[in-house]
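**Q** Provided below for reference: sequence and predicted model.
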Amino acid sequence: MLNFPKSLLNKNFPKFFSTSKPAHLNHIYIPAKKPARDPYNLIVVHGLFGSAANFRGIMKDPKISLFANSYLLDMRNHGSSEHKDSMTLKEMADDIYAFIQENNIKSKVVILGHSMGARVTLTFCLHYPQILSGVIIEDMIPYDYNNDPRFPIYKKTKALLEKLVKIDLNRGYQSVVEEIRAVSGSKMVADFVMTNVKKNEATGNYQWKCNLPVLLESYSNVEDKFEVSSQERFTGPLKVIFGDKSEYYSKDLLPNFKNVFPHFDEQKHVSVVKNAAHWVHFDQPEAFIEEIHQFLRTLEA
């Protein structure tokens, strides 16, 4: 159990915690290496179709491991984590809270979320702000992109999910790869989707690692809408990182961050990385690492 004051736990947490049983989350643990001080505990939350492995190389970098232990999560219905029939932002935020409890992470909690994981992180900030020492949001705004014609990416992603769920994986690997490439529209997207395909050793055929039918069914719960219903807000240290070529970045929408972070200051909190699209950590890993490094340094100051 987390070592927080009883008054804080009794006052704030029980009313938020879901009555449904949280999903058990698989994770990769990267311990801090020779930290000068008591290290932070960095919880890393991937995006749709992602996994804990997405950030492994990033978090092993000495510029980050000098300051923090890293816990790279597989979210519910992804990677090797438990599959569930439902998948809302609130449920996934509760999964993370349960993970923190189960792993006895008592203090200095920093959370980093990318894409879908950023939306989960924003939700976590609305419901569990008291346990956080810092927040990092990668390439996502707390905004309903789906109803804005400037952002066709949401409809494209849903259309991709609808095509992928129809693919028969019970055949040879090359045939599976070719069809996934055909429906994905780009080699980069197809390669990313292929990380979710694994061989069934019993049958010799292939299957999805992720719970693809639930990803499709729950897509509107985790991607289409972002609702601010909690009265809680996070007022601590914040870093927001965008790619300048991202399909999710629009300067005029940045004030929406104030719905979650009342002290949000564009000049202070936002960094836009050049020559990077939605996967900033993949497109410009050195620049991304430097942003995280500098943020962790400010926490130590």
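**A** Yep, that arrived. Every value quoted in this text rests on a predicted model; they were computed, and no experiment measured them.

**Q** end-to-end on stretch 179-188?
**A** One end of stretch 179-188 sits 14 Å from the other (C-alpha to C-alpha, to the nearest Å).

**Q** show me the strands in the stretch 101-250 of the chain, by range?
**A** Remark: strands assigned in the stretch 101-250 of the chain by DSSP state E, counting those that start in this stretch are 109-114, 132-138, 197-199, 206-208, 238-243.

**Q** mind giving me the packing neighbours of the first one?
**A** By that I understand strand 109-114. Other elements packing on strand 109-114 under the criterion 3 or more C-beta pairs under 8 Å, 6 or more residues apart in numbering; DSSP states H and E are strand 40-45, helix 116-127, strand 132-138, helix 285-300. Just so you know, the C-beta spots here come from the backbone N, C-alpha and C atoms, and that holds for glycine as well.

**Q** got a pLDDT number for Val240?
**A** You'll see Val240 listed with a pLDDT of 98.

**Q** over to Val222?
**A** The score at Val222 is 88. That number is its pLDDT.

**Q** that one touches Met87, doesn't it?
**A** Yes. Counting by C-beta atoms under 8 Å, Met87 is a contact partner of Val222 at 6.2 Å.

**Q** tell me which helix or strand in this structure has the weakest average pLDDT.
**A** The helix or strand of the chain with the lowest confidence, counting by mean pLDDT, DSSP states H and E, is helix 6-12 at a mean of 35.

**Q** moving C-terminal from it, which element do we reach first?
**A** The helix or strand immediately downstream of helix 6-12 is strand 27-30, counting by DSSP states H and E.

**Q** for Gly172, find the nearest of the strands of the stretch 101-250 of the chain.
**A** strand 206-208 (8.5 Å; C-beta to C-beta).

**Q** list the buried ones in that closest one?
**A** By 16 or more other C-beta atoms under 10 Å, the buried positions in strand 206-208 come out as 206, 208.

**Q** measure stretch 210-226 end to end?
**A** 23 Å.

**Q** which sections of the stretch 101-250 of the chain are below the confidence cut-off?
**A** In the predicted model, the stretch 101-250 of the chain carries pLDDT under 70 at residues 230.

**Q** what segments of it are helices?
**A** Assigned by DSSP state H, counting those that start in this stretch, the helices in the stretch 101-250 of the chain fall at 116-127, 153-164, 173-184, 187-194, 212-217, 219.

**Q** from the rest of the structure, what touches the last one?
**A** By C-beta atoms under 8 Å, 6 or more residues apart in numbering, the residues outside helix 219 that reach it are 157-158, 161.

**Q** closest one of those residues to Glu291?
**A** The closest of these to Glu291 turns out to be Thr157 (C-beta to C-beta; 25.4 Å).

**Q** domains of this protein?
**A** Following automatic domain parsing, one finds the domains of the chain at 6-143+226-300, 153-220.

**Q** so which of the ones you listed is the most surrounded?
**A** Stretch with highest mean neighbour count among the domains of the chain: domain 6-143+226-300 (a mean of 19; mean count of other C-beta atoms under 10 Å).

**Q** so how far is that one from its chain's centroid?
**A** In terms of C-alpha atoms, centre = their mean, to the nearest Å, the centre of domain 6-143+226-300 is set 6 Å apart from its chain centre.

**Q** can you say which of the helices of the stretch 101-250 of the chain is nearest to Asn275?
**A** helix 187-194 (14.9 Å).

**Q** that closest one vs helix 153-164, what angle?
**A** Following axes from the mean of the first three to the mean of the last three C-alpha atoms, to 10 degrees, one obtains 60 degrees for the angle between helix 187-194 and helix 153-164.

**Q** Ala32 contacts Leu66, doesn't it?
**A** Yes. If you go by C-beta under 8 Å, Ala32 and Leu66 touch, sitting 7.0 Å apart.

**Q** just to check, Cys240 is in contact with Val270?
**A** If you look again at residue 240, you'll see it is Val, not Cys. Yes. The criterion here is C-beta under 8 Å, and Val240 meets it with Val270 at 4.7 Å.
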